[in-house]
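**Student:** Let me see the structure of the following:
(one chain, ligands or ions: 1)
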Amino acid sequence: MIDFQSILTSINKAASKEKDRGKIADYIPELAKIDLENFGIHLIDTQQNTYSAGNSDEKFSIQSISKVLSLSMALGLIGEKLWERVDVEPSGDPFNHLSLLELENGIPRNPLINPGAIVIADILVSQLEHPKEEFLAFVQNIANDDTIAYDVDVAKSEKRTGFRNFAAANLLKSYGNLNNDVDVVLDFYFHQCSLSMSCAQLTNTFYMFMNHGKCRRNNTFLTTTQVKRINAIMLTCGFYDEAGEFAFEVGLPGKSGVGGGIVAFLPNKFCVATWSPGLNPKGNSKLGMLALEKLTTETELSIF
Ligand code: GLN
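**Tutor:** Below is the predicted model:
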């Protein structure tokens, strides 16, 4: 049997010695206040045994990781017609780039880059009576944890400086791929990105993606086909223009956020989350990627 605990302990030890910890995402001013020294890791296996090391219970802003959750909710609500408004191809571009959007007539490359997630936010705003409340309840329900909440200061902070997201939303609107007001859609989007969770809470939330759509209490949130599709999108698009590198080094589907979190999983085996706020130049957590590479190397587990 694999001794996950001793592997996580040694990963945490290596992380604490690391001098080059990457750079905090200061384009959202509220995130710039986070201490670069933080590192946490938490793993849950299919039998629901848990293992952790470092600051695995400290909450952080999950940012783009939330895009998988909004996609899941939207897919559950409107089904396959969602794919008429957003594609499923990796972009090879940074998460906030706009050039492809113009080239491809307002159809975002995939739902995990910003323009794609903004289209998904638009779908949720159209479908839900109280979008922010109902989306939060959806996430709390999957995680079976009603302490999960938005960090309103982070949402407000991003609203003040989210110029590129305003540009993306306006471009989508000009192509007819945004039905609601730009301000309303972005208010929802900034809130979803501000969801605050610990590594442990992230693995509870993402447990269903390694478990055929069933959460820890065995409730079904997604069909097997929907889960397979969302997992495929995480593998090919979950790390922006570093998705290839992540598959190459780590070999798991997953998703990162500029708050420094990464969640990844091996279907039918385990789900793991790391947090270290310093990012590499592609916007993915520097120590998080190193940690997960070490995990899959030492356990010899990966989807390949
Ligand atoms: N809220 C962030 C943004 O839209 C999310 C980006 C990310 O985590 N990559 O810029």
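**Student:** dump the residue contacts of the residue lying closest to Asn110 once chain neighbours are set aside.
**Tutor:** Nearest-residue entry for Asn110: Cys237, 4.3 Å, with adjacent residues in sequence omitted and distances by Cβ to Cβ, 6 or more residues apart in numbering. The way it works is simple: take the backbone N, C-alpha and C, and place the C-beta from them, glycine included. By Cβ atoms under 8 Å, 6 or more residues apart in numbering, the contact list for Cys237 reads Val88, Glu89, Pro90, Ser91, Arg109, Asn110, Pro111, Leu112, Ile113, Ala243.
**Student:** What helix or strand is the nearest residue to Glu249 once chain neighbours are set aside located in?
**Tutor:** Closest residue to Glu249 apart from its sequence neighbours, by Cβ to Cβ, 6+ apart: Glu293 at 4.5 Å. Element membership of Glu293 [criterion: DSSP states H and E] is helix 286-299.
**Student:** which one among the contacts of Cys237 gets closest to Leu77?
**Tutor:** For the contacts of Cys237, the minimum distance to Leu77 (Cβ to Cβ) is 13.7 Å, reached by Pro111.
**Student:** what about that closest one, helix or strand, and which?
**Tutor:** Using DSSP H and E, Pro111 falls outside every helix and strand.
**Student:** Ala168 against Leu101, yeah?
**Tutor:** Yes: counting by Cβ atoms under 8 Å, Ala168 touches Leu101, with 6.7 Å between them.
**Student:** Could you check the pLDDT of Leu100?
**Tutor:** With respect to pLDDT, Leu100 has a value of 83.
**Student:** re the thing from before, shared neighbours, Ala168 and Leu101?
**Tutor:** With Cβ under 8 Å, 6+ apart, Ala168 and Leu101 have common neighbours Pro115.
**Student:** rewinding a little: from Val182, how far off is the residue nearest to Glu249?
**Tutor:** 39 Å (Cβ to Cβ, to the nearest Å).
**Student:** Name the residue of the stretch 101-250 of the chain that lies nearest to the ligand.
**Tutor:** Cys193 (3.6 Å; Cβ to the nearest ligand atom).
**Student:** Contacts only, for that residue.
**Tutor:** Per Cβ under 8 Å, 6+ apart, neighbours of Cys193: Ser61, Ile62, Gln63, Ser64, Ser66, Val154, Ala155, Glu158, Gly257.
**Student:** From Glu129, how far off is the residue nearest in space to the middle of the chain?
**Tutor:** Nearest to the mean C-alpha position of the chain, counting by Cα atoms, centre = their mean, stands Ile65 at 1.2 Å. Applying Cβ to Cβ, the value for Ile65 to Glu129 is 25 Å.
**Student:** quick one: contacts for Asn170?
**Tutor:** Residues Val182 are the ones in contact with Asn170 under the rule Cβ under 8 Å, 6+ apart.
**Student:** then the helix or strand harbouring it to CSV, C-alphas only?
**Tutor:** Asn170 belongs to helix 163-174 when assigned by DSSP H and E. Output of helix 163-174 as CSV, limited to C-alpha atoms (Å, rounded to 0.1, in the frame of the first residue of the first chain):
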residue,chain,number,x,y,z
PHE,A,163,-10.4,45.6,-17.0
ARG,A,164,-9.5,42.7,-19.2
ASN,A,165,-12.6,40.8,-18.0
PHE,A,166,-14.8,43.8,-18.8
ALA,A,167,-13.1,43.9,-22.3
ALA,A,168,-13.8,40.2,-22.8
ALA,A,169,-17.5,40.5,-21.7
ASN,A,170,-18.0,43.5,-24.0
LEU,A,171,-16.4,41.6,-26.9
LEU,A,172,-18.7,38.6,-26.2
LYS,A,173,-21.7,41.0,-26.1
SER,A,174,-20.7,42.5,-29.5
